[in-house]
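Enquirer: how would this look folded up:
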Amino acid sequence: MEDQKSLNSIIDVCLLAGKIMLENGAETYRVEDTMIRIASAFGCKESQSFSTPTGIIFSLDGDYPISKVIRISHRSTDLHKVTLVNSISRSVTNKELTVREAYIKLKELEKANVAYPLWIQIFAAFISSGCFTIMFNGQWNDFIWACIAGGLGFACLLYLHRLLEVRFFAEFIASFVIGIAAFLFMYAGLGSELDKIIIGAVMPLVPGLLITNAARDLIAGHLVSGLAKGADAGLTALAIGAGIAVAFVIL
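Expert: Got it, this is the predicted structure:
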């Protein structure tokens, strides 16, 4: 590589790509592989990457060895952004983008909001809650009540995630709302199976992607990331269960 400045630009592109992927639900091994491939495409054949759910360390070896660290403070699920980063990575590998062009595209992607509108997300949770109730051998007359409880809980989750920075509190309150709604439906004589309504309604809150990524990271040998994501998923599930339990105690 030419000089220290060009190496800094390359490592900035790699870190930005890794940050976007890690913040939006990508597996740790995929993040590291993408960063190394981008560096290799720009001529840096010797690079090292170490990623955890809370930070990334990336280094380039050679005549001008350099290392940088970036912290990951926000994590969510947006696999569309992960796909777009992979697309940019493929363009870099095919020599279709320069370092500067890749950095600009990644910056634009980082700021872009490519998620579905909130009403679509809530409607999807609304429908899936009823479908999960039927899938778990619930009765059709509980379908709509599970839909309503699940939609209310998921709307509460989205609102609290925007309002508060406290981890797991949003999941606790959302599941509590679901428990209260399910009890009210049963108390009014509208529902027939309380457990099936609650199970179906909480399913959109369950951190399925996080659990899957934790297992895949452990299988790939990333023990630190796998255990950290597993702990995160476990605490999220605990918060969901605690919310339902409090609703049971109160009512």
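
Enquirer: care to break this protein down by domain?
Expert: As assigned by automatic domain parsing, the chain contains the domains 4-111, 118-250.

Enquirer: contacts for stretch 167-186 next, please.
Expert: Here stretch 167-186 makes contact (CB atoms under 8 Å, 6 or more residues apart in numbering) with 145-146, 148-150, 152-154, 156-157, 160-161, 164, 191, 194, 197-198, 201-202, 205, 235-236, 238-244, 246-248, 250-251. Placement of C-beta: from N, CA and C, glycine included.

Enquirer: skip the chain neighbours and tell me the closest residue to residue 220.
Expert: residue 29 (4.3 Å; CB to CB, 6 or more residues apart in numbering).

Enquirer: who touches the one you found in this structure?
Expert: 216-217, 220-222.

Enquirer: now for these: which two are most distant?
Expert: The largest separation in the contacts of residue 29, counting by CB to CB, is between 216 and 221 at 10.7 Å.

Enquirer: higher neighbour count, the two?
Expert: Neighbours per residue, other CB atoms under 10 Å: of residue 216 and residue 221, the larger number sits with residue 216, 17 against 10.

Enquirer: if you skip the residues just before and after it, what's nearest to the more buried one?
Expert: Using CB to CB, 6+ apart, the nearest residue to residue 216 is residue 27, at 5.2 Å.

Enquirer: tell me where the stretch 101-250 of the chain has helices.
Expert: According to DSSP state H, counting those that start in this stretch, the stretch 101-250 of the chain carries its helices in the segments 118-135, 143-163, 169-187, 194-202, 208-219, 223-250.

Enquirer: which residues touch the fifth one?
Expert: Defining contact as CB under 8 Å, 6+ apart, one finds that helix 208-219 is touched by 25-29, 77, 79, 225-227, 229-230, 232-233, 236.

Enquirer: show the pLDDT at the residue nearest to residue 220.
Expert: The model reports residue 29 with a pLDDT of 88.

Enquirer: is it in a helix, a strand, or coil?
Expert: helix (DSSP: H, G, I helix; E, B strand; the rest coil).

Enquirer: shaky segments in the chain?
Expert: Scanning the chain for pLDDT under 70 picks out 1-3, 62-64.

Enquirer: then stretch 93-111 to CSV, C-alphas only?
Expert: The C-alpha coordinates for stretch 93-111 follow below in CSV (Å, rounded to 0.1, in the frame of the first residue of the first chain):
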residue,chain,number,x,y,z
THR,A,93,-14.2,-7.2,-4.3
ASN,A,94,-15.1,-6.8,-8.0
LYS,A,95,-13.1,-3.6,-8.2
GLU,A,96,-16.2,-1.5,-9.0
LEU,A,97,-15.7,0.9,-6.1
THR,A,98,-12.7,3.0,-4.8
VAL,A,99,-12.0,3.4,-1.1
ARG,A,100,-13.6,6.9,-1.1
GLU,A,101,-16.7,5.7,-3.0
ALA,A,102,-17.2,2.7,-0.7
TYR,A,103,-16.9,4.9,2.4
ILE,A,104,-19.5,7.4,1.1
LYS,A,105,-21.9,4.6,0.3
LEU,A,106,-21.5,3.0,3.7
LYS,A,107,-22.0,6.4,5.4
GLU,A,108,-25.2,6.9,3.5
LEU,A,109,-26.3,3.4,4.4
GLU,A,110,-25.5,4.0,8.1
LYS,A,111,-27.7,7.1,8.2
